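mind folding the following:
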Amino acid sequence: MSTSLSPDAARRVFYMLSTTRWLPVGFVVGIFALVARERGLSVEEITLYMTAQGIMVLLLELPTSGFADVLGRKPVLLAAGLVNIVAGFAYLFAQSFWTFALAAGLMGIYRALDSGPLEAWYVDTVHERQPGADVHGAMSIQGVLVGVGMGGGALVSGALVAWHPFKDSSALLLPVQVFVALCVVHLVATLALLRESPRSEGHLGTRLRSSLRETPGVIRDGVGLLRSNVVLRYLVLVEVFWVIGMMAYETLMPLRLAELLGSEARAGVWMGPAAAGGWALFSLGSWLGGRLADRLGLVRAAIVGRIVNGLGVVAMGLALGPAALLVAYLFTYTMHGAASPAYLGLMHREATSKNRATVLSMSSLTMQVGGALTGPLLGLLAARTSIATAIVVAGVVSTAGFVCFLPSRRREKMARTDVEDVGAAPSQG
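The predicted model follows:
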């Protein structure tokens, strides 16, 4: 007998856990980089230590997603929540390049465990009752809630930095402490709310052993999809271009703001309202992205989103003052949200219940590894030229990612042509 939730109940849980998962992140948007800078790390060291996160994702993304596809989504999400809490504590106490690298590595383990299972759980739960149903509408609403949660967290974070109630410690640390506390809340919510049918029979030990045996095959099949499915291969490749732009507005932007304002602490105060506004507009962009996908279709909406988001990053690099930088940042985050629903809808079209977490994790893996490889290069470019130049270059490269949607566009045209040919064919009598 199935113990899974109804589609409506699953949607409510999906929205709630998406909010509790991303609300804590709002408190530390840009903060980790500013903390590291305040503790003496250079721009090059900051972009370099962050590669530890990408390395751990590279090693663990596919094994953990394969495990989620075989054992179940909930156990993997619970393990992710525990690791996230430990990573938060590691950032609180990091003082050197290597301790920051350790914290980033733990965050990479968390990202590897967390990427994919919640979405996969929701889509599979819906498809149990409504096979093949499109889910981009739910992904659009999820984006709105994520944006609101992160925006609210960022706004409170900036207020906490400005308030600075504990004068014997850095003003930047209180948001990190709140981040850890909210991660505990998310872990408890996941334990209490998420329900799923066991994906294999027997007690937990038997299921673990079975999952360990089956996981390599799931991974192998998932990787095989990239060889056989050209559309999926290019959809995954989009993440390389996307993450280059994200490095600009998530890592380089706070450093550029500190450069323009002359202080990491002042930049921390500004980043709270800026990130809050950015994520509020991300919510609006995500809602608009869902409507745009309904009007233009998933492929054309994805292409428009990728181009405009990249151009927003270019505008950030060209901004000459803090106000102009923030305006460009807000526009870019709006387009970041608008690009997501169509992209996720296209990804889910290429996946099945047996490999959905693995497919999503291949996308996340590509993003994390792309960030690990290009982040130090952007940091080196910023050190040799300027942070503004590195942001412009990142934006130009990010915009070029629209070409990865062309195979999806060709398939869409071919499918439309086939339908028209069938409709035009004379009936046989």
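
just checking, residue 179 touches residue 24?
Yes - the pair residue 179 / residue 24 is scored as a contact, 4.7 Å apart, by C-beta atoms under 8 Å. All C-beta atoms are positioned from the backbone trio N, CA, C, and that covers glycine.

which element is residue 109 on?
Per DSSP states H and E: residue 109 is located in helix 97-114.

what's the local residue count around the closest residue to residue 322 other than its chain neighbours?
The shortest distance from residue 322 to any non-neighbouring residue, by C-beta to C-beta, 6 or more residues apart in numbering, is to residue 260 (4.6 Å). By the criterion of other C-beta atoms under 10 Å, residue 260 has 20 neighbours.

enumerate every residue touching residue 260.
The contact partners of residue 260, taken as C-beta atoms under 8 Å, 6 or more residues apart in numbering, are 321-322, 325.

how much space is there between residue 34 and residue 389?
Separation of residue 34 from residue 389 (C-beta to C-beta, to the nearest Å): 21 Å.

neighbour-wise, which of those two wins?
Between residue 34 and residue 389, counted using other C-beta under 10 Å, residue 34 has the larger neighbour count: 26 against 14.

doesn't residue 254 make contact with that one?
Yes - between residue 34 and residue 254 there is a contact under C-beta under 8 Å: 5.7 Å.

return the per-residue confidence for the closest residue in space to residue 249 that isn't next to it in sequence.
Nearest non-adjacent residue to residue 249, counting by C-beta to C-beta, 6+ apart: residue 332, 5.4 Å away. Looking at residue 332, its pLDDT is 91.

number of nearby residues for residue 332?
29.

again, but for residue 38
Residues contacting residue 38 under the criterion other C-beta under 10 Å number 18.

pLDDT at it, what is it?
89.

ditto for residue 423
52.

all strands for the stretch 151-300 of the chain, in order.
Here the stretch 151-300 of the chain has no strands by DSSP state E, counting those that start in this stretch.

any regions of it where pLDDT drops low?
198-219, 221-223 (pLDDT under 70).

apply 90 and report the result again.
Within the stretch 151-300 of the chain, the ranges that satisfy pLDDT under 90 run 151-172, 195-240, 242, 246-300.

quick one, helices of the stretch 251-400 of the chain?
253-261, 264-296, 298-318, 322-349, 356-384, 387-399 (DSSP state H, counting those that start in this stretch).

got these as TSV, with distance to residue 137 columns?
Listed next are the helices of the stretch 251-400 of the chain as TSV, based on distance: least, C-beta to C-beta, whole Å:
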stretch	distance to residue 137
helix 253-261	31
helix 264-296	6
helix 298-318	12
helix 322-349	8
helix 356-384	17
helix 387-399	26
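
and these: which comes nearest residue 193?
Closest to residue 193 of these, according to C-beta to C-beta: helix 356-384, at 18.7 Å.

buried residues, the closest one. List them.
Residues of helix 356-384 classed as buried by neighbour count (16 or more other C-beta atoms under 10 Å): 356-372, 374-376, 378-379, 381-382.

same thing with stretch 226-236?
Burial within stretch 226-236, assessed by neighbour count using 16+ other C-beta under 10 Å, is assigned to 226, 231-236.

which residues are in contact with the closest residue in space to residue 275 that isn't next to it in sequence?
Among residues not flanking residue 275 along the chain, residue 154 sits closest, at 3.3 Å (C-beta to C-beta, 6+ apart). By C-beta under 8 Å, 6+ apart, residue 154 lies in contact with 26-27, 29, 271-276, 278-279.

what's the closest of the helices of the stretch 251-400 of the chain to residue 15?
Among these, helix 264-296 comes nearest to residue 15, with 12.5 Å by C-beta to C-beta.

so how far is the closest one off the chain centroid?
Taking C-alpha atoms, centre = their mean, to the nearest Å, the mean C-alpha location of helix 264-296 is offset from the chain mean by 14 Å.

tell me which residues in it are buried?
For helix 264-296, using 16+ other C-beta under 10 Å, the buried residues are 264-290, 292-293.

between residue 34 and residue 254, what contacts are shared?
Common neighbours of residue 34 and residue 254 (C-beta under 8 Å, 6+ apart) are 267, 271.

which strands and helices sit next to the helix or strand encompassing residue 119?
Taking DSSP H and E as the criterion, residue 119 maps to helix 117-129. Counting contacts by 3 or more C-beta pairs under 8 Å, 6 or more residues apart in numbering; DSSP states H and E, helix 117-129 is packed against helix 7-26, helix 51-71, helix 73-93, helix 136-163, helix 356-384.

any idea which of these scores lowest on pLDDT?
Note on the helices and strands packed on helix 117-129: helix 51-71 shows the lowest mean pLDDT, a mean of 75.

that helix to helix 73-93, inter-axis angle?
Helix 51-71 and helix 73-93 are oriented at 160 degrees to each other (axes from the mean of the first three to the mean of the last three C-alpha atoms, to 10 degrees).
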